[in-house]
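Colleague: Following is a predicted model, sequence given first.
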Amino acid sequence: MSSSSLHHEPTASGLISLFGKKFGGEARIFRAPGRVNLIGEHTDYNDGFVLPSAIGFYTYVAAGKRPDCELIAYSDLFEEEITLSLEELAGPPRRHWGDFIRGVAAMLQQAGYRLSGTNLAIHGEVPGGAGLSSSASLEVALALALAAVAGVHPSRLELVKLCQKAEHEYVGTRCGIMDQFAVSFSQEGSALFLDCRSLEYRQLPIPQGLRLVVCNSMVRHELASGEYNLRRADCESGVKLLRAHLPAATALRDVEPADLVRYRQELPEQIYRRCRHVVTENQRVFKAVAALEAADPEQFGRLMYESHASLRDDYGVSCKELDLLVAIASAVPGVFGARMTGGGFGGCTVNLVCADSVDGFQSRIAQAYLKETGITPQVYVCEPAQGASEWKGRADF
Ligand code: GLA
């Protein structure tokens, strides 16, 4: 079994020496975590509600000023260095990690922030293509680093929005705001209940005796591959059709389950199902928040299973490996609920598990999944973590 807790050894000393070796000179370090979404999937770009929590995997960015107009970035994950000019950032997605750097820098500049030439050394711990927001964590850490080196001060919220825009325009995924928001605003020990329209949010403490356990199916997803954007387009088509009857609706957020039943005939079957997922998922988020506040993990868990079924059957974003992980989890004692998390098409499940049952759960899920698929899953026991910040690291470097 491959399993790990998310308490990694801090890597800043390694990063500082990497930066020193590559570029020399002084650096400041910024880091942003990944996130797991407890419930409220594919609701964010429908102006709906989400309940994510940051997890203790981080992307670290060490940054120092250059005297010219260049951004030179080294990623230890890709073992590659790229050079970009601050004067020539425009252009379509290139399907390369440099798109994140181009995008974040371009968006900051377009918003009127004058950037400086910057050396960047990047270390990523968030598993990529796993639905844990490695992209948003890179974007937000980069944005904090570039702004700090240039001595400019956009607000946290502005940075979140600029990072989302970078992903739309430079990476090609028309994502919602959940990931960038969660990696920026999450607080240790809590889940973040976010209204994706008003951007009002509340931190909800996760009760002590519960653990969030993330199981990686090891099937990589590719959000930018088009399916994600197609789902978003289906939702927008649904709203357009429903507006004939609900003129005030600007997003699926404004549609009630009863409206959908009433106007079902107006919608092609596939669009109807996509809309039904979103509309019912918003309701599940409210119920899940109430369950968390009432310390009722059984009810919370039931809602997670319902969410998974809806994502699988109506939204069409699960896959057989994720379904299998959920099915295995549902039969393990001490598991309250399980569902796929993030965009889907592979990636991870999130499981709500009684703290005392975590060890048994880890070995059971790893064995059963390996037996069925021949794949060893990674299992991470998560502590809800603090959002992005400058990182001073440990005292010994
Ligand atoms: C990805 C996107 C988010 C959100 C989720 C699905 O993580 O980046 O904006 O839409 O998928 O809930």
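Modeller: Received the coordinates, thanks. Numbers count the residues shown, from 1 in each chain.
Colleague: In stretch 233-252, which residues are buried?
Modeller: Buried residues in stretch 233-252, counted by 16 or more other Cβ atoms under 10 Å: 234, 235, 236, 237, 238, 239, 241, 242, 246, 249, 251, 252. Where C-beta positions appear, they are placed from N, C-alpha and C, glycine not excepted.
Colleague: SS state for the fifth one?
Modeller: Translated: residue 238. Three-state assignment for residue 238 (DSSP: H, G, I helix; E, B strand; the rest coil): helix.
Colleague: pLDDT score assigned to it?
Modeller: At residue 238, the pLDDT value in this model is 98.
Colleague: do the same with residue 328
Modeller: With respect to pLDDT, residue 328 has a value of 98.
Colleague: for the one 5 residues further on, same thing?
Modeller: The score at residue 333 is 97. That number is its pLDDT.
Colleague: And residue 95, by the same measure?
Modeller: Predicted confidence (pLDDT) for residue 95: 89.
Colleague: The one 10 residues further on now?
Modeller: Among the per-residue scores, residue 105 shows a pLDDT of 98.
Colleague: Please name the nearest non-neighbouring residue to the spatially most central residue of the chain.
Modeller: The residue lying closest to the centre of the chain (Cα atoms, centre = their mean) is residue 133, at 3.3 Å. In space, and not counting its chain neighbours, residue 133 is closest to residue 179: 4.2 Å by Cβ to Cβ, 6 or more residues apart in numbering.
Colleague: counting contacts, what elements does the one helix or strand the one you found maps to pack onto?
Modeller: Element membership of residue 179, judged by DSSP states H and E, is helix 178-185. With contacts taken as 3 or more Cβ pairs under 8 Å, 6 or more residues apart in numbering; DSSP states H and E, helix 178-185 sits against strand 28-37, strand 52-65, helix 134-150, helix 156-166, strand 190-195.
Colleague: Save those as CSV, and put in mean neighbour count too.
Modeller: Output for the helices and strands packed on helix 178-185, formatted as CSV (neighbours: other Cβ atoms under 10 Å):
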stretch, mean neighbour count
strand 28-37, 28
strand 52-65, 26
helix 134-150, 27
helix 156-166, 22
strand 190-195, 22
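Colleague: would you turn the ones you listed into a markdown table with mean pLDDT and distance to residue 371?
Modeller: A markdown table is the format used below for the helices and strands packed on helix 178-185 (pLDDT from 0 to 100; distance: least, Cβ to Cβ, whole Å):
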| stretch | mean pLDDT | distance to residue 371 |
| --- | --- | --- |
| strand 28-37 | 96 | 25 |
| strand 52-65 | 96 | 27 |
| helix 134-150 | 98 | 29 |
| helix 156-166 | 98 | 40 |
| strand 190-195 | 98 | 32 |
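Colleague: For the ones you listed, could you give me JSON lines that also reports distance to residue 328?
Modeller: Listed next are the helices and strands packed on helix 178-185 as JSON lines, based on distance: least, Cβ to Cβ, whole Å:
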{"stretch": "strand 28-37", "distance to residue 328": "18"}
{"stretch": "strand 52-65", "distance to residue 328": "21"}
{"stretch": "helix 134-150", "distance to residue 328": "25"}
{"stretch": "helix 156-166", "distance to residue 328": "34"}
{"stretch": "strand 190-195", "distance to residue 328": "24"}
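Colleague: just to revisit the earlier point, pLDDT averaged over the helix holding residue 179, what's the number?
Modeller: Mean per-residue pLDDT for helix 178-185: 98.
Colleague: any idea how far it is from the chain center?
Modeller: Offset of helix 178-185 from its chain centre (Cα atoms, centre = their mean, to the nearest Å): 7 Å.
Colleague: can you dump the C-alpha coordinates of whatever helix or strand residue 309 lives in into PDB?
Modeller: Taking DSSP H and E as the criterion, residue 309 maps to helix 297-310. Extracted C-alpha coordinates of helix 297-310, given in PDB (Å, rounded to 0.1, in the frame of the first residue of the first chain):
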ATOM      1  CA  PRO A 297     -21.400  13.000  10.000                       C
ATOM      2  CA  GLU A 298     -23.900  10.300   9.000                       C
ATOM      3  CA  GLN A 299     -26.100  12.900   7.300                       C
ATOM      4  CA  PHE A 300     -23.000  14.600   5.800                       C
ATOM      5  CA  GLY A 301     -21.900  11.200   4.500                       C
ATOM      6  CA  ARG A 302     -25.200  10.400   2.900                       C
ATOM      7  CA  LEU A 303     -25.100  13.700   1.000                       C
ATOM      8  CA  MET A 304     -21.600  12.800  -0.300                       C
ATOM      9  CA  TYR A 305     -22.800   9.500  -1.700                       C
ATOM     10  CA  GLU A 306     -25.800  11.300  -3.300                       C
ATOM     11  CA  SER A 307     -23.400  13.900  -4.800                       C
ATOM     12  CA  HIS A 308     -21.300  11.100  -6.300                       C
ATOM     13  CA  ALA A 309     -24.300   9.400  -7.800                       C
ATOM     14  CA  SER A 310     -25.400  12.600  -9.400                       C
END
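Colleague: near the ligand, anything from it?
Modeller: No - Helix 297-310 does not reach the ligand (Cβ under 6 Å from any ligand atom); its nearest approach is 10.4 Å.
Colleague: Could you list the buried residues of that helix?
Modeller: By neighbour count on 16+ other Cβ under 10 Å, the buried set for helix 297-310 is 297, 299, 300, 301, 302, 303, 304, 305, 306, 307, 308, 310.
Colleague: nearest spatial neighbour of residue 22, skipping sequence neighbours?
Modeller: residue 74 (5.2 Å).
Colleague: wait, which of the buried residues of helix 297-310 is closest to the ligand?
Modeller: residue 307 (10.4 Å; Cβ to the nearest ligand atom).
Colleague: Could you double-check that the closest one sits in contact with residue 38?
Modeller: No - between residue 307 and residue 38 there is no contact under Cβ atoms under 8 Å: 9.3 Å.
Colleague: phi, psi of the residue in the stretch 251-397 of the chain that the ligand sits nearest to?
Modeller: Among all residues of the stretch 251-397 of the chain, residue 343 sits closest to the ligand, at 3.5 Å; criterion: Cβ to the nearest ligand atom. The phi/psi pair for residue 343 (degrees, to the nearest 10) reads phi -60, psi -30.
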